[in-house]
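J.: can you look at this prediction? I've put the sequence above it.
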Amino acid sequence: RKEVEQDPGPFNVPEGATVAFNCTYSNSASQSFFWYRQDCRKEPKLLMSVYSSGNEDGRFTAQLNRASQYISLLIRDSKLSDSATYLCVVMNFGNEKLTFGTGTRLTIIP
Amino acid sequence: NAGVTQTPKFRVLKTGQSMTLLCAQDMNHEYMYWYRQDPGMGLRLIHYSVGEGTTAKGEVPDGYNVSRLKKQNFLLGLESAAPSQTSVYFCASYERQGQTGELFFGEGSRLTVL
């Protein structure tokens, strides 16, 4: 089983819709969680960290479920500029290894 | 403030040649990482370092070596390049902020092995 798994998509969603991604992780010792965004052929950029209590940044909401070992990202009122690949990242304290999921490709359709 | 700089940005090698990718960061970060990205595969961890003089293996270390002689530099070496090593390589440094932090990436190095 991969350490971090994501649905690769693609997700094709009309503009203005709400879309949600999940990411599961296998190591219960994982301590830090992130969502990164990657545009075509560019380096990934931090979208948001994921906190235990959940957190929101504008149209984006991230949740962590430690019992079921998954994190989620919700995008509300999607914009054309949200089209990108979304990568979940998990860090294990102790060995400080940062592991990426394979990414979920999102296309917002006008 | 340059952040994370990778050199070279593009390189074409013949099978069996050797080369070194350099990653330099000016943010005084302890942790540095080398990833490769192939279509449909996401970013896979090759090697990483949690401090000057230390390195550790990631998911796909075979065929690569690394060194972290200075805190600001993390070198990735290919001793005998193979076509399977054709990929985009990303270096990153990590700033820990309490229980969380942020990865800062270089712009990537596109390597083709013929």
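T.: That came through, no problem.
J.: residues contacting residue 64?
T.: Going with chain A. Residues near A:Leu64 by CB atoms under 8 Å, 6 or more residues apart in numbering or on different chains: A:33, A:50-52, A:54, A:71. The way it works is simple: take the backbone N, C-alpha and C, and place the C-beta from them, glycine included.
J.: hmm, no, I was thinking of chain B.
T.: Applying CB under 8 Å, 6+ apart, the residues contacting B:Tyr64 are B:34, B:46-47, B:76-78.
J.: can you redo these as CSV with neighbour count?
T.: Output for those, formatted as CSV (neighbours: other CB atoms under 10 Å in any protein chain shown):
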residue, neighbour count
B:Trp34, 27
B:Ile46, 24
B:His47, 23
B:Leu76, 22
B:Gly77, 14
B:Leu78, 20
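J.: can you give the distance of the one helix or strand B:Ala24 maps to from its chain's centre?
T.: Using DSSP states H and E, B:Ala24 sits in strand B:19-25. Distance, stretch centre to chain centre, for strand B:19-25: 7 Å (CA atoms, centre = their mean, to the nearest Å).
J.: now stretch B:33-52
T.: With CA atoms, centre = their mean, you get 6 Å for stretch B:33-52.
J.: now the residue nearest to B:Phe74 when sequence neighbours are not counted: which helix or strand?
T.: Nearest non-adjacent residue to B:Phe74, counting by CB to CB, 6 or more residues apart in numbering or on different chains: B:Met32, 4.1 Å away. For B:Met32, the host element (DSSP H and E) is strand B:31-38.
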